[in-house]
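*Asks:* Show me the folded form of this:
(one chain, ligands or ions: 1)
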Amino acid sequence: MSNVNDSLVEISKNIRKNILKMVTVSKSSHVGSALSIVEILVTLYFKILNIDPSNPKKEDRDRFILSKGHGCSALYAVLALKNFFPEEILESYGTNGGTLLGHATKEIVPGVEVSTGSLGHGLSIGAGIAFAGKHDHSKYRVFVLLSDGECDEGSVWEAAMFAAHHKLDNLIAIIDYNKLQAFGRTEEVNNLEPLIDKWKSFGWMVQEIDGHNFSQIIKVFEKIPFKENKPGIIIAHTVKGKGISFMENQLVWHYKSPSKEEMDLALKELSLYEDGVY
Ligand SMILES: Cc1ncc(C[n+]2csc(CCOP(=O)(O)OP(=O)(O)O)c2C)c(N)n1
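*Replies:* This next block holds a predicted model:
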């Protein structure tokens, strides 16, 4: 493994630690959803996106939209580590009077481009921003991270048609394909397969990766645009609850929040447990 990947692995461990603490202290849901997207977010924010934490509204910045807004504890942890705001603010996540709410919220959280949480809207908003970018001859790119369950929404496919029609090769969607939703397996709730063929038939250039493998993630992002005049989509195979053995692929961790003991156990697995630090 290269040095670059080593440092991304270290950053990811830190992000997982912060996610676990945030959801435990606030007794909130969606820990599995957040753990599923850590490597994708870390690669984007620490290697790929053209962004400046000291100037979050910089005109030519790349735009990132977390369409699966319920996974925002991961985004907040990444934004804090990237110095968009002080790490201490993470402690207020999901608490009364705090600024970090349980779904991604713009304006009050520096670095969050779009408020999300109601699933199925991020791609439409991203397509609109990408369309505006083309119109203005801007160089920025728009990245939208969706969940698999979100693809049940008709609005996703409306945006898919719009983006292909308008040749938005500055738009890149990523599907966090962890195969679990809130109440069941994706294939049982509403089977998405053949997912790759569906996106291809909508006029998108499709790439498929392991969404926890840094080499694959970096490589695919470096290929953008996948093809001139076509929007790109990355189907990232992931594991809900990734990194914590007793949370991996377990539906219960969509809604359940960890107890203090479960958090300690999880931090021990990450080798980041510090007795008494909570
Ligand atoms: C429009 C809409 N309907 C329902 C919900 C409630 N909800 C929150 S998360 C979720 C599904 C979770 O599964 P998935 O979208 O695949 O995301 P994951 O947590 O696996 O990343 C649902 C139905 C919502 N947030 N928005």
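
*Asks:* what about the residue in the stretch 101-250 of the chain that the ligand sits nearest to, neighbour count?
*Replies:* Minimum separation of the stretch 101-250 of the chain from the ligand (CB to the nearest ligand atom) falls at Gly149, amounting to 2.7 Å. Every residue, glycine included, has its C-beta placed from N, CA and C. Residues within reach of Gly149, counting by other CB atoms under 10 Å, total 24.

*Asks:* quick one: the strands in the stretch 1-150 of the chain?
*Replies:* Along the stretch 1-150 of the chain, counting by DSSP state E, counting those that start in this stretch, strands occupy 63-66, 142-147.

*Asks:* In three-state terms, label Tyr273 for me.
*Replies:* coil (DSSP: H, G, I helix; E, B strand; the rest coil).

*Asks:* List, one by one, the residues from the chain near the ligand.
*Replies:* Taking CB under 6 Å from any ligand atom, the part of the chain that reaches the ligand is made up of 33, 36, 68, 70-71, 117-120, 147-150, 176, 178, 180-182, 240, 254.

*Asks:* Only whichever of the residues you listed are buried, select them in PyMOL.
*Replies:* Buried residues among the residues of the chain next to the ligand (16 or more other CB atoms under 10 Å), as a PyMOL selection:
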select buried, resi 33+36+68+70+71+117+119+120+147+148+149+150+176+178+180+181+240+254
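
*Asks:* Show residues contacting stretch 239-256.
*Replies:* With CB atoms under 8 Å, 6 or more residues apart in numbering as the test, stretch 239-256 has contacts from 12, 16, 20, 29-33, 35-36, 38-39, 178-185, 212, 262, 265-266, 269-270.

*Asks:* buried residues in that stretch?
*Replies:* Buried residues in stretch 239-256 (16+ other CB under 10 Å): Val239, Lys240, Gly241, Lys242, Gly243, Ile244, Met247, Glu248, Leu251, Trp253, His254, Lys256.

*Asks:* Would you mind putting the CA coordinates of that stretch into CSV?
*Replies:* Only the C-alpha atoms of stretch 239-256 are listed here, as CSV (Å, rounded to 0.1, in the frame of the first residue of the first chain):
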residue,chain,number,x,y,z
VAL,A,239,-20.8,-2.4,3.4
LYS,A,240,-23.3,-0.7,5.8
GLY,A,241,-21.6,-0.4,9.2
LYS,A,242,-18.1,-0.9,7.6
GLY,A,243,-15.2,-1.1,9.9
ILE,A,244,-17.0,-2.3,13.1
SER,A,245,-17.5,-6.0,13.0
PHE,A,246,-20.8,-6.2,14.9
MET,A,247,-22.3,-3.4,12.8
GLU,A,248,-21.3,-4.6,9.4
ASN,A,249,-24.2,-5.6,7.2
GLN,A,250,-26.6,-5.5,10.2
LEU,A,251,-30.0,-3.8,9.5
VAL,A,252,-30.4,-2.9,13.1
TRP,A,253,-27.7,-0.2,12.9
HIS,A,254,-29.8,1.9,10.5
TYR,A,255,-31.8,3.2,13.5
LYS,A,256,-30.2,1.9,16.6
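
*Asks:* pLDDT (mean, whole number) over it?
*Replies:* Stretch 239-256 carries an average pLDDT of 97.

*Asks:* next one: it to chain centre, how far?
*Replies:* Relative to its parent chain, stretch 239-256 has a centroid offset of 16 Å by CA atoms, centre = their mean, to the nearest Å.
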